[in-house]
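**Student:** Provided below are the primary sequence and the corresponding predicted coordinates.
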Amino acid sequence: MKQKVAVLGAGSWGTALAMVLIENGHDVTIWGHHPEQITEINENHTNKRYLSDVQLPEELKATSELEVCVKDADAVLFVVPTKAIRNVAQKFVEVCHNQPVIIHASKGLEQETHKRISEILIEEIPENKRKDVVVLSGPSHAEEVAVKDVTTITAAAKNLENAEYVQKLFSNEYFRIYTNQDVIGVELGAALKNIIALGSGALHGLGYGDNARAAIMTRGLAEISRLGVAMGADPLTFIGLSGVGDLAVTCTSVHSRNWRAGDLLGKGQSLENVLENMGMIVEGVSTTKAAYELSRDLKIDMPITETIYKVIYENEEVNKVVKEIMLREHKSEQEF
Ligand SMILES: NC(=O)c1ccc[n+]([C@@H]2O[C@H](COP(=O)([O-])OP(=O)(O)OC[C@H]3O[C@@H](n4cnc5c(N)ncnc54)[C@H](O)[C@@H]3O)[C@@H](O)[C@H]2O)c1
Ligand SMILES: O=P(O)(O)OC[C@H](O)CO
């Protein structure tokens, strides 16, 4: 059945997901806070800053008025950067007069509180203004989804019915959604892989090869799983789409903002410079701080995260840390 969907966030991922929903015959309005971008989407049917070569469907409506966007929506998709989620949720509560299914497709941890995005949304949106919070996550670059490249991701919710609602809403011949009930594992896999992607990019920028990439991905997955299990995730989730799947795409793709940022850091650019030139959100930077602090609080060994934290927040030289991490105390691979 045709659904009315509000997409909050007019960046690359919000736009690509809105295109999938239009393809599936839904009534979609996207909300953004830059009026000139809204005019561009409505009049030229493009969003050049975020999806440079893509022609958007004419049916896609855009507005900078949140109330207009969410009015009578059956589902509301939050897809702004993690740091904006709480503020956008608070604004949403002021203008929401019904009880939509809440979906989010952002990937990160709140820097100050270390909370997952669904925790923030549940905290900010009262029960009479939401049906559930469903997490949409997995290996998916906007640039490929926008040109209908084959993609598989996960819809996670404690209540399977709500995950199935989102599965049905988004699924089509190029976009396949699996359900999952491990919300913690899916959100942590999504957030933490960005840290490892920064590292994978940095290794490339420093001139290391495929062995190094395989090493950081595998040992990265080990530390993601350790922290995840300590926080209540099902370990099996980390070998699924939101674990190894997202780790693979983000650590190997030139589309990845996190990989590209790491690559430039490895090539010797300053973090400030890298972030300024990227022009899009690099979630791994703030997530590194949250994950590092969590690992210390929970006493979980996360050597890759700790190393990236030192490079980003303590000005350690990126070309020196590889030797340090390689020469750490020897270990068994079977130690969890
Ligand atoms: N780009 C992808 O391929 C992709 C894929 C999967 C998940 N994600 C996740 O989706 C989230 C959004 O990423 P993106 O790539 O679309 O980012 P982006 O940088 O392309 O766009 C972010 C958008 O959010 C808007 N924004 C920022 N702060 C805002 C605020 N306070 N209020 C309203 N709008 C605000 C920006 O103006 C911009 O339009 C991130 O958490 C990212 O990790 C991205
Ligand atoms: O471009 P990135 O690094 O933000 O990654 C985007 C998606 O999370 C990949 O699944």
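**Tutor:** It's in. Residues are numbered from 1 along each chain as shown. Ligands and ions are numbered 1, 2, ... in the order given.

**Student:** only C-alpha atoms for contact and neighbour calcs from this point on.
**Tutor:** Will do.

**Student:** Get me the contact residues on the stretch 51-200 of the chain for ligand 2.
**Tutor:** Residues of the stretch 51-200 of the chain lying close to ligand 2 (CA under 6 Å from any ligand atom) are 138, 139, 140, 141.

**Student:** Residue 128: neighbour count?
**Tutor:** The local packing of residue 128 (other CA atoms under 10 Å) involves 11 other residues.

**Student:** And the contacts of stretch 43-50?
**Tutor:** For stretch 43-50, the surrounding residues in contact (CA atoms under 8 Å, 6 or more residues apart in numbering) are 11-12, 15, 37, 40-41, 52, 54-58, 280.

**Student:** Figure out how far it is from the centre of its chain.
**Tutor:** On the basis of CA atoms, centre = their mean, to the nearest Å, stretch 43-50 sits 22 Å off its chain's mean C-alpha point.

**Student:** same thing with stretch 192-205?
**Tutor:** Chain-centre distance of stretch 192-205: 15 Å, with CA atoms, centre = their mean.

**Student:** thinking again about what came up before, restrict the residues of the stretch 51-200 of the chain next to ligand 2 to the buried ones and give me that as a PyMOL selection.
**Tutor:** To isolate the buried members of these in PyMOL, using 16 or more other CA atoms under 10 Å:
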select buried, resi 138+139+140+141
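
**Student:** now the strands: where do they sit in the protein?
**Tutor:** 4-8, 27-31, 61-63, 75-78, 101-104, 133-137, 151-156, 175-180 (DSSP state E).

**Student:** If you drop the residues flanking it in sequence, what lies closest to the spatially most central residue of the chain?
**Tutor:** The structure's the chain has its C-alpha centroid closest to residue 107; by CA atoms, centre = their mean the separation is 2.6 Å. What sits nearest to residue 107 in space, not counting adjacent residues and going by CA to CA, 6 or more residues apart in numbering, is residue 191, at 4.8 Å.

**Student:** now do residue 274
**Tutor:** Nearest residue to residue 274, sequence neighbours excluded (CA to CA, 6+ apart): residue 261, at 6.1 Å.

**Student:** Go ahead and confirm that neighbour touches residue 276.
**Tutor:** No: contact criterion CA atoms under 8 Å: residue 261 and residue 276 do not qualify, at 10.4 Å.
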